[in-house]
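Engineer: sequence and predicted structure below; questions after.
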Amino acid sequence: MGQLLDSHNMTAPDLAERVHVSRRSMYNYVKGYRPLPIDVAYSIAQYFGVTIESLYDWVLVEA
């Protein structure tokens, strides 16, 4: 998500304010210290006009 913020010249606190999340929580999501909840991902995706899937790092798990 850091690249998305950079491409829009935004900081984590800027985004936190726009999607109504605490600055600390947003910082933790951006840095990967906490998983991004789906409701917050939805708000971020709506704000930037991207898919929710693009906000997550996907790892292929073989069964």
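Structural biologist: Structure received.
Engineer: go through the longest helix anywhere in the chain and flag the buried ones.
Structural biologist: The longest helix of the chain (DSSP state H) is helix 38-48. Going by neighbour count (16 or more other CB atoms under 10 Å), the buried part of helix 38-48 is Val40, Ala41, Ser43, Ile44, Ala45, Phe48. C-beta: built from backbone N, CA, C; applies to glycine.
Engineer: between these, which sits nearest Leu4?
Structural biologist: Phe48 (6.1 Å; CB to CB).
Engineer: returning to what we had before: what about the longest helix of the chain, distance to the chain center?
Structural biologist: Distance of helix 38-48 from the chain centroid (CA atoms, centre = their mean, to the nearest Å) equals 7 Å.
Engineer: how about residues contacting that helix?
Structural biologist: 1, 4, 8, 15, 18-21, 25, 29, 36, 51-52, 54-56 (CB atoms under 8 Å, 6 or more residues apart in numbering).
Engineer: CA atoms of it as PDB?
Structural biologist: Extracted C-alpha coordinates of helix 38-48, given in PDB (Å, rounded to 0.1, in the frame of the first residue of the first chain):
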ATOM      1  CA  ILE A  38     -11.700  -6.000   4.900                       C
ATOM      2  CA  ASP A  39     -13.900  -3.000   5.900                       C
ATOM      3  CA  VAL A  40     -10.900  -0.700   5.900                       C
ATOM      4  CA  ALA A  41      -9.600  -2.300   2.600                       C
ATOM      5  CA  TYR A  42     -13.000  -1.500   1.100                       C
ATOM      6  CA  SER A  43     -12.900   2.100   2.100                       C
ATOM      7  CA  ILE A  44      -9.300   2.500   0.800                       C
ATOM      8  CA  ALA A  45     -10.200   0.800  -2.500                       C
ATOM      9  CA  GLN A  46     -13.200   3.100  -2.900                       C
ATOM     10  CA  TYR A  47     -11.100   6.100  -2.200                       C
ATOM     11  CA  PHE A  48      -8.400   5.300  -4.700                       C
END
